[in-house]
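Q: coords please:
(2 chains)
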Amino acid sequence: GEDVEQSLFLSVREGDSSVINCTYTDSSSTYLYWYKQEPGAGLQLLTYIFSNMDMKQDQRLTVLLNKKDKHLSLRIADTQTGDSAIYFCAERSNAGNMLTFGGGTRLMVKP
Amino acid sequence: DTGVSQNPRHKITKRGQNVTFRCDPISEHNRLYWYRQTLGQGPEFLTYFQNEAQLEKSRLLSDRFSAERPKGSFSTLEIQRTEQGDSAMYLCASSSTSQFTDTQYFGPGTRLTVL
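A: Below is the predicted model of the structure:
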């Protein structure tokens, strides 16, 4: 079945860039997503990328997709303390409409 | 557009009791999804509806779980004879097939604790 992997934890200083990485196994993925979850809350959609794109930029967020290596990354420029949260990548395949999520990366931003 | 809402936000119940959760999707979204998230994990898909029809169910959805969307608007998820292993956050999401990306938007979740 599909599998999505993320590193567990990332710590950065305020003002630095953060890069959160994700790998997936399903070669039929159509869309890949990044969601943010703050403690006790639901998931907030940050951005998404269609599988035939290499890059997408949205204000402080840059998504890079290497389809050959099945590697997705989210770069947050000028990281702020309010960016501290858990970030999930998710993929949606051609086979169905469900999302398959990674285990999440906890981002800690130090002042 | 008020977003996806879920009720209750928290539910504490004793093992063996039945519980029911409600999800109200974004208006005019025809697809509605249920996911379960246990502590420290990513959400896992349970089931989804397109309008009233339940189109897909995960094998995670045991016989004790049932979901309905009778009029194609709100949905309910019922868990019968709850077990301690059912303790989790239950997330609902909705999307619209009229949007090219059919992106799923999530509600705040219902946290279930089974004692």
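Q: name the residue of chain B that lies nearest to chain A.
A: Per CB to the nearest CB, residue B:42 is where chain B lies closest to chain A, at 3.3 Å. All C-beta atoms are positioned from the backbone trio N, CA, C, and that covers glycine.
Q: near chain A, which residues of chain B are found?
A: B:4, B:6, B:31, B:33, B:35, B:40-45, B:48, B:55-56, B:58, B:91, B:93, B:95, B:101-109, B:111 (CB under 8 Å from any CB of the partner chain).
Q: which residues does stretch B:66-84 contact?
A: B:13-25, B:30, B:32, B:34, B:46-47, B:49, B:51-52, B:54, B:61, B:64-65, B:86, B:90, B:92, B:112, B:114-115 (CB atoms under 8 Å, 6 or more residues apart in numbering or on different chains).
Q: endpoints of that stretch, how far apart?
A: In stretch B:66-84, first residue to last residue: 18 Å (CA to CA, to the nearest Å).
Q: again with stretch A:64-78
A: Distance across stretch A:64-78, first residue to last, is 17 Å (CA to CA).
Q: what's the distance between that stretch and the middle of its chain?
A: Remark: stretch A:64-78 is offset 8 Å from the chain centroid, using CA atoms, centre = their mean, to the nearest Å.
Q: ok, stretch A:84-101 next?
A: Distance of stretch A:84-101 from the chain centroid (CA atoms, centre = their mean) equals 9 Å.
Q: quick one on the thing from earlier: any of the contacts of stretch B:66-84 buried? List them.
A: B:13, B:19, B:21, B:23-25, B:30, B:32, B:34, B:46-47, B:49, B:54, B:61, B:65, B:86, B:90, B:92, B:112, B:114 (16 or more other CB atoms under 10 Å in any protein chain shown).
Q: could you check which residue of chain A lies nearest chain B?
A: For chain A, CB to the nearest CB, closest residue to chain B: residue A:101, 3.3 Å.
Q: residues contacting that residue?
A: Residues counted as contacts of residue A:101 (CB under 8 Å, 6+ apart) are A:4, A:35, A:88, A:89, A:90, B:42, B:43, B:44.
Q: report the contact partners of residue B:101.
A: A:31, A:48, A:50.
Q: show me what counts as buried in the helix or strand containing the first one.
A: Translated: residue A:31. Using DSSP states H and E, residue A:31 sits in strand A:29-37. By neighbour count on 16+ other CB under 10 Å, the buried set for strand A:29-37 is A:29, A:30, A:31, A:32, A:33, A:34, A:35, A:36, A:37.
Q: any idea of the pLDDT on residue A:45?
A: Looking at residue A:45, its pLDDT stands at 95.
Q: let me know the helix or strand that it is in.
A: strand A:43-50.
Q: hmm, that strand touching chain B?
A: Yes - using CB under 8 Å from any CB, we find that strand A:43-50 touches chain B at A:43, A:44, A:45, A:48, A:50.
Q: what's the ChimeraX syntax to select whichever of those residues are buried?
A: Of the residues of strand A:43-50 next to chain B, the buried ones go into a single ChimeraX selection, burial set by 16+ other CB under 10 Å:
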select /A:43,48
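Q: no further queries at this time; thank you.
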